[in-house]
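Visitor: here's my sequence, what's the structure:
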Amino acid sequence: NFPNGGNLADRNTFDKVTANSSMNISGSNTFDTLDINIPGMIVLLNPNDTQFVVNSLIANGTCANLISISGGNISKASGNVTANYLLMQDLNAIGGANFTANNSVVISNVTGWNVTSPSAQNLYWVGNTGNWNDPMHWATSSGGPGGSCTPTLFDNVFFDANSFSTANDTVYVNVNQGYCKNMDWTGAANNPVFIFPTTSASFNIYGSLTLTPSMSFVNAYWNYINFNSAIPGNTITCATQTLGEVKFNGLGGEWTLQDQLSCYNFNIVYGTFYSNNQTINCSNFYAGSPFNTFAYLGTSTINCSAWWGYPSFTAPSIDADSTVINTSYDFMGGDNAYHYVNFPNGGNLADRNTFDKVTASGGNFSINGSNTFDTLYFNNPGFTVYISPNDTQFVNNSLMANASAGFPIALEGSPGFQGTISMPFFSSSSKNKFI
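Guide: Presented below is the predicted three-dimensional model:
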């Protein structure tokens, strides 16, 4: 018996194991009965192991508190396993038994289970300040009585004129993972606050997000806001609020920005993102998947306080030929076409990209990979520009440099090896005090 949860390890055989709180199970164990029947508990299985159940697996959450089970394999040779109100991820059922999970939610990568999803609901926050997972703050009508289920990824959540009666009432996301479909704060009064009390909490939105300027969205840089929809038609309205780590991770999903987005990191894993010509402020902008990732950036200005990293894919996955990108350090373009990239503090440019214009100012600057520039402008007097000796930089129109006698620009390859700049006969070169 684990009255306070804990860790179970090695390869053991048990008549019965009962867990009354969250626990980790590693090693391939055999249980006559495995009882994980406390609503809201979290069970983490080692993905490399199999848990063998001879007789009974007991796991029944409630609509307000799902039991989370993730990672690994559960095997039962025959009979039936019936569970209720589970939150399932990376979970494989094997053996000859029939595995059924009623009113349960699949996040991703679940096989061998017959899963029926809970009915989708519209849920309204009521009762002023409270915790996200408290069912007494969720009603099925605006201003109605609390006591409904807590939201799942199928449920739309609303914070409106009947949610908060006093100034700065606060919704605490007191769970490691929060879920909803659409989230809408339209009409919420009295300057409410939506806050992540811990840095480990993440929020998963399977539809659209609509915030308002009269609320406060309080999250740390490392609180993930995951947009996981697998369908088109989703929108994001930030209304001057700043988000933490923003990740788009929905195969087939599409999102369109409605206003300026400010966040820590901006990461596209799967799906299609439309900037709708809005400004994006972030620390890092990057993509993390070689397939089914598209970013249409229009005439947006994107300000990266650290770096830009877009991997080299087999097919074009970014439309940035009208976009202005300001990046403070590194730019890894992934062999794509860009309009204007500005390096206000120097930095590093890599891959084999095509640019209308690149400007380097304020620090040392290096270029790696064979790139093509219509205009290449070095505006960093007193600093050095390094050209990779293994590559050629093609400048089609203008190569410009702005320096002075006291502050020249050093243009270098590497010791004993020359960097190459290639320009057609008709192009122009304007240089002032190179070394």
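
Visitor: wait, isn't residue 95 in contact with residue 76?
Guide: Yes: if you go by CB atoms under 8 Å, residue 95 and residue 76 touch, sitting 4.8 Å apart. Every residue, glycine included, has its C-beta placed from N, CA and C.

Visitor: looking at the two, which is more packed in?
Guide: Between residue 95 and residue 76, counting by other CB atoms under 10 Å, residue 76 is the more crowded of the two (23 against 18).

Visitor: doesn't residue 53 make contact with the more buried one?
Guide: Yes: assessed by CB under 8 Å, residue 76 is found in contact with residue 53 at 4.6 Å.

Visitor: how close does the most centrally placed residue in the chain sit to residue 223?
Guide: The residue lying closest to the centre of the chain (CA atoms, centre = their mean) is residue 247, at 1.6 Å. Distance of residue 247 to residue 223, computed by CB to CB, to the nearest Å: 11 Å.

Visitor: please apply the same query to residue 35.
Guide: Distance from residue 35 to residue 223, by CB to CB: 33 Å.

Visitor: now do residue 78
Guide: On the measure of CB to CB, residue 78 and residue 223 end up 45 Å apart.

Visitor: more crowded one of those two?
Guide: Counted by other CB under 10 Å, residue 78 and residue 223 do not tie: residue 223 has more neighbours, with 20 against 9.

Visitor: ok, now which ones touch the residue lying closest to the more buried one once chain neighbours are set aside?
Guide: With sequence-adjacent residues excluded and distances taken as CB to CB, 6 or more residues apart in numbering, residue 223 is closest to residue 244, at 4.0 Å. Counting by CB atoms under 8 Å, 6 or more residues apart in numbering, residue 244 makes contact with 196, 219, 220, 221, 222, 223, 224, 225, 263, 264.

Visitor: the fourth one: which element?
Guide: Right, residue 221. Under the criterion DSSP states H and E, no helix or strand holds residue 221.

Visitor: isn't it up against residue 264?
Guide: Yes: here residue 221 lies in contact with residue 264, judged by CB under 8 Å, at a distance of 4.0 Å.

Visitor: so what sits against both of the two?
Guide: Contacts common to residue 221 and residue 264, judged by CB under 8 Å, 6+ apart, are 244, 245, 283.

Visitor: now the last one: phi and psi?
Guide: Dihedral pair for residue 283: phi -80, psi -60, per degrees, to the nearest 10.

Visitor: one more: residue 136?
Guide: phi -70, psi -10.

Visitor: going forward, count from 56.
Guide: Happy to do that; since the first residue is 56 now, the last one works out to residue 191.

Visitor: cool, thanks, signing off.
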